[in-house]
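Colleague: Compute the structure for the input listed below.
(2 chains)
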There are 2 protein chains.
Amino acid sequence: MALIVQKYGGTSVGSIERIKRVAARVIELCKRGDKLVVVLSAMAGQTDALIELSKEIVDTPDPRELDVLMSTGEQVSVSLFAIAVKSLGYDCCSILGFQAGIQTDQIYGKARIRKIDSNRVLTELNDNRVVAVAGFQGVDENGNITTLGRGGSDTTAVALAAALNADVCEIYTDVEGVFSADPNICSHARKIAKISHEEMLELASLGAKVLDIRSVEFAKKFNVPIHVRSSFTQNEGTMVVAEDKEMEKVMVSGVVYDKNQARVTITKVPDRPGIAFRIFDPVFEAGIVVDMIIQNTSVEGLTDLTFTVTRTDFQQTLKLVGDVAKDIEAEEVFGDQEIAKVSIVGVGMRNHAGVASLMFKTLAKENINISMISTSEIKISCVIEEKYTELAVRALHDAFGLSDEGKTE
Amino acid sequence: MALIVQKYGGTSVGSIERIKRVAARVIELCKRGDKLVVVLSAMAGQTDALIELSKEIVDTPDPRELDVLMSTGEQVSVSLFAIAVKSLGYDCCSILGFQAGIQTDQIYGKARIRKIDSNRVLTELNDNRVVAVAGFQGVDENGNITTLGRGGSDTTAVALAAALNADVCEIYTDVEGVFSADPNICSHARKIAKISHEEMLELASLGAKVLDIRSVEFAKKFNVPIHVRSSFTQNEGTMVVAEDKEMEKVMVSGVVYDKNQARVTITKVPDRPGIAFRIFDPVFEAGIVVDMIIQNTSVEGLTDLTFTVTRTDFQQTLKLVGDVAKDIEAEEVFGDQEIAKVSIVGVGMRNHAGVASLMFKTLAKENINISMISTSEIKISCVIEEKYTELAVRALHDAFGLSDEGKTE
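Modeller: Residues are numbered from 1 along each chain as shown, chains lettered A, B, ... in the order given. Predicted structure coming up:
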């Protein structure tokens, strides 16, 4: 008997037929004697439809009210799911964010979970009910509804698993697990059987979309094992777990890319103390995340500064930095959106020399120019021209022996 | 400056355009300096659409979960409304049942309000916000979502008006107010300017659909003045208020009919003590409301018993009473659905003799046979054949001088 937290995404509950199928799947586990907490997203398309509706009123709807509106999506899913489970003769109870004691901060639209009072969920579990929890939503300390942002249901599931000390948190999605590269551009990509929280965190932050990064942070912090798997098959997916000895032998676990990247350059910046703060402060103030930063060696007291942001933030960044450039009398500001970031991730890097040089050599062999580099203990990222993205991913995947054929687990 | 509770029904908020129109209407009052609590129903058709969705899973969905599902309808309305008000530059805040402190019993689908903790609403009002409250919903003492049943938003509005000690509760609907008869069948029907809570209670219970009966009970109990009016015009509607001297002069306020009526007869019932209990107990146990009861004079220890129920409950009642009839060895049970109840209502009846006889005489003149009669201090109801309903309403309306021409206010 195990306590299992499961999360099903919008595609998995995208129709009444699919909701019934998820209900049947959950009941199979109940028969085995397991206790089930099932976190659901809104039915596919619902959240977007609600946002569209609000935009018929005004372009930028009030964030508090948008959260009240959007949270109905998950409320519909959990009630329909509970109706389905009960109709099959098993007891089930839907629980919304405010009932599940999911307390967040007050940042509407991208709230963070502060704590979970799991008493209500535990009571229902002890009464032998399947507990269907609405994902993506919580309440602030004043009882206002908040939502956790895109991918928030993953975070709900992992946070609940941590609070309940569940045996495993199963994240059901429309792919079979975490792959060594995007199977759409790398046909030899291999499903990874086991990966560490740290590696998953890097993969998620570098562009892998299978798991929301905040959910992995939670899992790492509270040591929650995550099983990423498909709701359309019974196959084992990928286990995301605390690092163990065996993993260290694997040099590189995966290759990942991110096209949502843009670069901003300021030329001839007077190189004096406090100048970086002057430039970046308005950008940070606007909530824009700056990824890589390169500062050229100063020539005659002037330097060039290049950094990357997401394309979503590109135009706003250009404007903000343009204003500063005038103030500090820099030469000019220009940008480039046709770039991509390609990264390799693996805990084994720590113990293997030459990983970076193999990466650079591989890209050079394909005539791909590297314009920026950033590294951490377990990842190396290179900014390249966007058009080389797929080529780079395939070349690196081969070079590090990640293909099905190139590697045994 | 007044504290006004308004309620807009599903038709009034049936589209984004209409929601914006309601927002503009509310803001006009804000400009006047009034404080506004606005109770909204689900957008027209939404509640039915949600019920349909659940019935794709199972014919009789779990009542608790159906309430969770249905309550999303009002949640969508209030958030969109708040977005609309805020987009026009006025502060507004949506409040759901659980946030508004609307505590109910645990009868899912037709819960009754037990108490209201209006602190949250008061706080928002004091912060100069328009407060948009989701109608129709509450929470039980364990925080489970409940709904109040059809017409429940009226009750939410009146109960809030009572709790907040509001100056008036305005119920916006798609008609101009309460009429002396249904304008669809009686072209001379007159809009009633002022009516007592007691009369409105009788009208609502006898078939007038303009106000939910529970909302009138609340209004009477807590002496809340209700203004029933149209959201499509600025015209004054009908004030429903505590009885005053002037009203007593009006003999009859309105004629009302109800076709949702059926009659059940049991013949040759052995007339012994406890027999009525034997017959009606299973009917009451099933939650069926019995309206009129007639027991004929006993002949040779046997009597006939006739009573009315709604048509909705007719088949079930026939079955229940059929079973009892066998047990107590009555002769037979039969029913009739082609009946209607026509009633006249007015506080003035108390002081006017001859109201009943004028009613009987009027119906007789039209050759309409009366099969059952029931009276209270301020109403007389007659059961007649259904096909005479419209004729009876028009004749009574004329006889009691209720037409526009026949009467000055």
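Colleague: quick one: residue A:333 and chain B, what's the gap?
Modeller: Distance from residue A:333 to chain B, counting by Cβ to the nearest Cβ, to the nearest Å: 34 Å. No exception for glycine: its C-beta is placed from N, CA and C like everyone else's.
Colleague: Would you mind listing the residues in contact with that residue?
Modeller: A:264, A:265, A:266, A:267, A:318, A:321, A:322, A:325 (Cβ atoms under 8 Å, 6 or more residues apart in numbering or on different chains).
Colleague: Need phi/psi at the most centrally placed residue in chain A.
Modeller: Closest to where the C-alpha atoms of chain A average out (Cα atoms, centre = their mean) is residue A:212, at 2.5 Å. Residue A:212 adopts backbone torsions of phi -70, psi 140, taken as degrees, to the nearest 10.
Colleague: Apart from its chain neighbours, what residue comes closest to it?
Modeller: residue A:151 (2.9 Å; Cβ to Cβ, 6 or more residues apart in numbering or on different chains).
Colleague: sec struct for the residue in the stretch 301-409 of chain A positioned nearest to chain B, please.
Modeller: Using Cβ to the nearest Cβ, residue A:316 is the residue of the stretch 301-409 of chain A that sits closest to chain B, at 22.2 Å. Under DSSP: H, G, I helix; E, B strand; the rest coil, residue A:316 falls in the helix class.
Colleague: how about the helix or strand where residue A:26 lies against chain B, any contact?
Modeller: If you go by DSSP states H and E, residue A:26 is part of helix A:16-31. Yes - Helix A:16-31 is in contact with chain B by Cβ under 8 Å from any Cβ of the partner chain, via A:16, A:19, A:20.
Colleague: Which of those residues sits closest to chain B?
Modeller: residue A:16 (4.6 Å).
Colleague: how far away is the closest one from residue B:146?
Modeller: Using Cβ to Cβ, to the nearest Å, residue A:16 is found at 24 Å from residue B:146.
Colleague: Of these two, give the one with the bigger neighbour count.
Modeller: residue B:146 (30 against 17; other Cβ atoms under 10 Å in any protein chain shown).
Colleague: circling back to that earlier point, the residue of the stretch 301-409 of chain A closest to chain B and residue A:310, how far apart?
Modeller: Applying Cβ to Cβ to residue A:316 and residue A:310 gives a distance of 10 Å.
Colleague: now swap in residue A:262 and tell me
Modeller: 7 Å.
Colleague: Any stretches of chain A with poor pLDDT?
Modeller: For chain A, the stretches with pLDDT under 70 are A:404-409.
Colleague: after the top helix by length along it, next one along is what?
Modeller: Assignment by DSSP state H gives helix A:63-87 as the longest helix of chain A. Sequence order places strand A:92-95 as the next helix or strand after helix A:63-87, per DSSP H and E.
Colleague: Direction included, what does that following strand pair against?
Modeller: Paired strands of strand A:92-95, with direction, are strand A:130-134 (parallel) (DSSP bridges).
Colleague: the more surrounded of residue A:262 and residue A:310?
Modeller: residue A:262 (22 against 15).
Colleague: That one against residue A:307, yeah?
Modeller: No - between residue A:262 and residue A:307 there is no contact under Cβ atoms under 8 Å: 9.8 Å.
Colleague: now the strands: where do they sit in the stretch 101-250 of chain A?
Modeller: A:102-104, A:113-116, A:130-134, A:137-139, A:145-147, A:168-173, A:194-196, A:226-230, A:238-241 (DSSP state E, counting those that start in this stretch).
Colleague: CA atoms of stretch A:24-42 as CSV?
Modeller: Taking C-alpha atoms only, stretch A:24-42 is exported to CSV below (Å, rounded to 0.1, in the frame of the first residue of the first chain):
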residue,chain,number,x,y,z
ALA,A,24,-10.7,4.2,-14.4
ARG,A,25,-7.0,4.3,-14.2
VAL,A,26,-7.1,5.8,-10.7
ILE,A,27,-9.6,3.1,-9.5
GLU,A,28,-7.2,0.4,-10.7
LEU,A,29,-4.7,1.7,-8.1
CYS,A,30,-7.4,1.9,-5.4
LYS,A,31,-8.1,-1.8,-6.0
ARG,A,32,-4.5,-2.5,-5.3
GLY,A,33,-5.0,-0.8,-1.9
ASP,A,34,-3.1,2.5,-2.7
LYS,A,35,-4.2,5.8,-1.3
LEU,A,36,-4.6,8.4,-4.1
VAL,A,37,-4.4,12.2,-4.3
VAL,A,38,-5.1,13.3,-7.8
VAL,A,39,-4.2,16.8,-8.9
LEU,A,40,-5.9,18.0,-12.1
SER,A,41,-5.3,20.8,-14.5
ALA,A,42,-8.1,22.6,-16.4
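Colleague: residue ranges for the helices of the stretch 251-400 of chain A, please.
Modeller: With DSSP state H, counting those that start in this stretch as the criterion, the stretch 251-400 of chain A has helices at A:275-285, A:314-328, A:355-365, A:389-399.
Colleague: tell me which of the contacts of residue A:333 is nearest to residue A:377?
Modeller: Taking Cβ to Cβ as the measure, residue A:377 lies nearest residue A:264 of the contacts of residue A:333, at 27.2 Å.
Colleague: Spit out the contact partners of residue A:83.
Modeller: Here residue A:83 is in contact with B:54, B:57, B:58, B:61, B:62, B:65, B:66, B:69 (Cβ under 8 Å, 6+ apart).
Colleague: and the two most separated of these?
Modeller: B:58 and B:69 (12.5 Å).
Colleague: So which of these two has more stuff around it?
Modeller: residue B:69 (28 against 14).
Colleague: That one touches residue B:50, doesn't it?
Modeller: Yes - using Cβ under 8 Å, residue B:69 is in contact with residue B:50, at 5.2 Å.
Colleague: what sits in contact with each of those two?
Modeller: With Cβ under 8 Å, 6+ apart, residue B:69 and residue B:50 have common neighbours residue A:76.
Colleague: before we move on, the earlier item: would you convert the helices of the stretch 251-400 of chain A into CSV that also reports mean neighbour count?
Modeller: Converted to CSV, the helices of the stretch 251-400 of chain A look like this (neighbours: other Cβ atoms under 10 Å in any protein chain shown):
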stretch, mean neighbour count
helix A:275-285, 15
helix A:314-328, 16
helix A:355-365, 16
helix A:389-399, 21
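Colleague: Pipe those helices into a markdown table and attach distance to residue B:279 per row.
Modeller: Output for these, formatted as a markdown table (distance: least, Cβ to Cβ, whole Å):
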| stretch | distance to residue B:279 |
| --- | --- |
| helix A:275-285 | 78 |
| helix A:314-328 | 77 |
| helix A:355-365 | 89 |
| helix A:389-399 | 81 |
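Colleague: Among those, which comes closest to residue B:252?
Modeller: Here helix A:314-328 is closest among the helices of the stretch 251-400 of chain A (Cβ to Cβ), at 69.9 Å.
Colleague: thinking again about what came up before, show me what contacts the residue nearest to the centre of chain A?
Modeller: Neighbours of residue A:212 in contact, by Cβ under 8 Å, 6+ apart: A:150, A:151, A:152, A:154, A:155, A:204.
Colleague: how near is the fourth one to residue A:113?
Modeller: Distance, residue A:154 to residue A:113, by Cβ to Cβ: 12 Å.
Colleague: And for residue A:245?
Modeller: Counting by Cβ to Cβ, the gap from residue A:245 to residue A:113 is 32 Å.
Colleague: buried residues in stretch A:376-387?
Modeller: A:378, A:379, A:380, A:381, A:382, A:383, A:384, A:386 (16 or more other Cβ atoms under 10 Å in any protein chain shown).
Colleague: Any idea what the fourth one is bridged to?
Modeller: Residues found in beta-bridge contact with residue A:381 (criterion: DSSP bridges) are residue A:343, residue A:374.
Colleague: That one is in contact with residue A:375, isn't it?
Modeller: Yes - the pair residue A:381 and residue A:375 qualifies as a contact (Cβ under 8 Å) at a distance of 7.3 Å.
Colleague: Alright, I will stop here.
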